[in-house]
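Enquirer: sequence first, predicted model second:
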Amino acid sequence: MSKIWIPGSSGMLGKAFYKELSGRHEIICTDSNIDISDTYRVIEWVKSQKPEYIINCAAYTNVDGAEMDVERAWRANANGPMNIAIAAGMVGAVPVHFSTDYVFDGLKPISEDYHEEDKTNPLNHYGYSKAQGEKRFCSLSDDCFVVRTSWLFDSGGKNFLTTMLRLMSTLPELKVINDQLGRPTYAPDLASMVSELISDTFPGGVVHISNSGVASWYDFARFIHDAAIDLGLLKDRVNIIPVSTEEYGETKATRPKNSILNLNRVEKHLSAPIPSWKDAVHRCLVQILKESKQ
Ligand SMILES: NC(=O)c1ccc[n+]([C@@H]2O[C@H](COP(=O)([O-])OP(=O)(O)OC[C@H]3O[C@@H](n4cnc5c(N)ncnc54)[C@H](OP(=O)(O)O)[C@@H]3O)[C@@H](O)[C@H]2O)c1
């Protein structure tokens, strides 16, 4: 049994890690009560708790919001991981940090994907702050254990899947972008894969982890819709219209067209094949159905 601190434990990924690890490990959960951008507070906290691992799930994740609240995004996403790496080093803890596909500009042709060592070149402030966080974290942490993931979803909270289900149950028609491609990732699958790496002899460094398979937001929405109809989670069919980014209209943050993370590195370290995003969406919808009956 190890002692593990999860900053950001009430966020989507934090909750998934809590479910994955509690029972087998001693888990310390914190949220905004321990502000990771406050160097002194983080150091004092880590010195008092002496965790063996720190799984940093805390971040400012509002991609459009970061265009206006640049400072808040930078505090959490650039300073936060730096503080965690400093504090971890003081007590000999292993820190694990999460980053994003949005550190890339997405200009590669869609037949190609993004490798860990590819040059980062973010298109928006969220991506800039996360790219800076990776750099600061790695300059201070011996192992530089940074997991880049993409398009996270789960059965609860606000994410693309739950938003789609809500809109599909209230609107007859939906427009969804079909020219941004990426890999949807089920938060419990990510937590499980990262836990396997931590308990194994993974050497660290930057690693891309998501579910397998590629989708556009439209493909993702279409599959959610069809599976939800099959499971009886949605009563009426909705007209889902594929649109280009330009047709969809302006958003505050520009997003990469190609967000496809290459998974070769993580695949070499896992004992089982990575589940596809379609399989993961199906399991997530079954979970929602189960929770709705409780
Ligand atoms: N969501 C995605 O699609 C996605 C995609 C790629 C990568 N990621 C990365 O995956 C990680 C987890 O994302 P997530 O979707 O689980 O995020 P989330 O649901 O937004 O949760 C983030 C948590 O961090 C907390 N937090 C924010 N600023 C903090 C601070 N300064 N100090 C302490 N806690 C703070 C938030 O608390 P409040 O709610 O009180 O602010 C929230 O509980 C992040 O590193 C994110 O960049 C996410």
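Expert: Yep, that arrived.
Enquirer: need the per-residue pLDDT for residue 143.
Expert: For residue 143, the pLDDT comes out at 89.
Enquirer: going forward, begin numbering at 813 instead of 1
Expert: Fine by me, first position is 813 from now on; the one you just mentioned is residue 955.
Enquirer: surely it and residue 1017 touch.
Expert: Yes: with contact defined as C-beta atoms under 8 Å, residue 955 counts as touching residue 1017 (7.5 Å). In short, each C-beta sits where N, CA and C put it, glycine included.
Enquirer: buried ones in stretch 943-958?
Expert: 943-946, 948-950, 952-953, 956-958 (16 or more other C-beta atoms under 10 Å).
Enquirer: same question for stretch 839-853.
Expert: For stretch 839-853, using 16+ other C-beta under 10 Å, the buried residues are 839-843, 846-849.
Enquirer: quick check: the residue of the chain positioned farthest from its centre vs residue 1055, distance?
Expert: What lies farthest from the middle of the chain is residue 1048; by C-alpha atoms, centre = their mean that is 30.6 Å. Distance from residue 1048 to residue 1055, counting by C-beta to C-beta, to the nearest Å: 21 Å.
Enquirer: neighbours of residue 903, how many?
Expert: 15 (other C-beta atoms under 10 Å).
Enquirer: with residue 895 instead?
Expert: Count around residue 895 with other C-beta under 10 Å applied: 26.
Enquirer: residue 948 contacts residue 889, correct?
Expert: No: at 9.8 Å, residue 948 and residue 889 do not qualify as touching, with contact defined as C-beta under 8 Å.
Enquirer: ok so, going back, from the buried residues of stretch 943-958, which ones fall inside strands?
Expert: 957-958 (DSSP state E).
Enquirer: taking the buried residues of stretch 943-958 together, which two end up most distant?
Expert: Longest distance between any two of the buried residues of stretch 943-958 is 17.4 Å, between 944 and 957; criterion C-beta to C-beta.
Enquirer: ok so, going back, quick one, which of the buried residues of stretch 839-853 has the minimum pLDDT?
Expert: Lowest confidence among the buried residues of stretch 839-853: residue 843, with 94.
Enquirer: and the residue nearest to residue 956 when sequence neighbours are not counted, what is it in contact with?
Expert: Computed as C-beta to C-beta, 6 or more residues apart in numbering, the closest residue to residue 956 that is not its neighbour in sequence is residue 950, at 3.8 Å. Applying C-beta atoms under 8 Å, 6 or more residues apart in numbering, we find residue 950 in contact with 897, 956, 958, 1018.
Enquirer: if you set the cut-off to 10 Å instead, what comes out?
Expert: Each residue near residue 950 by C-beta atoms under 10 Å, 6 or more residues apart in numbering is listed here: 893-894, 897, 909, 956-958, 1016-1018.
Enquirer: ok, residue 883 next?
Expert: Under the criterion of C-beta under 10 Å, 6+ apart, the neighbours of residue 883 are 849, 872, 937, 941.
Enquirer: the helix or strand where it lies: which residues count as buried?
Expert: Assigned by DSSP states H and E, residue 883 falls within helix 882-886. Using 16+ other C-beta under 10 Å as the test for burial, helix 882-886 gives 885-886.
Enquirer: please put the alpha-carbon coordinates of that helix into PDB.
Expert: C-alpha atoms of helix 882-886 as PDB (Å, rounded to 0.1, in the frame of the first residue of the first chain):
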ATOM      1  CA  VAL A 882      -5.000  33.900 -19.000                       C
ATOM      2  CA  GLU A 883      -3.400  34.500 -15.600                       C
ATOM      3  CA  ARG A 884      -5.600  32.000 -13.800                       C
ATOM      4  CA  ALA A 885      -4.800  29.400 -16.400                       C
ATOM      5  CA  TRP A 886      -1.100  30.000 -16.200                       C
END
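Enquirer: average pLDDT for that helix?
Expert: 97.
Enquirer: ok, stretch 917-924 next?
Expert: pLDDT averaged over stretch 917-924 gives 96.
Enquirer: also stretch 962-981?
Expert: Rounded mean pLDDT across stretch 962-981 is 97.
Enquirer: circling back to that earlier point, mark which of the contacts of residue 883 are buried, thanks.
Expert: 849, 872, 937, 941.
Enquirer: those also near the ligand: which ones?
Expert: With C-beta under 6 Å from any ligand atom as the criterion, the buried ones among the contacts of residue 883 include 849, 872 near the ligand.
Enquirer: pull the most distant pair out of the buried ones among the contacts of residue 883.
Expert: Farthest pair in the buried ones among the contacts of residue 883 (C-beta to C-beta) is 849 and 937. Separation: 15.5 Å.
Enquirer: lovely, talk soon.
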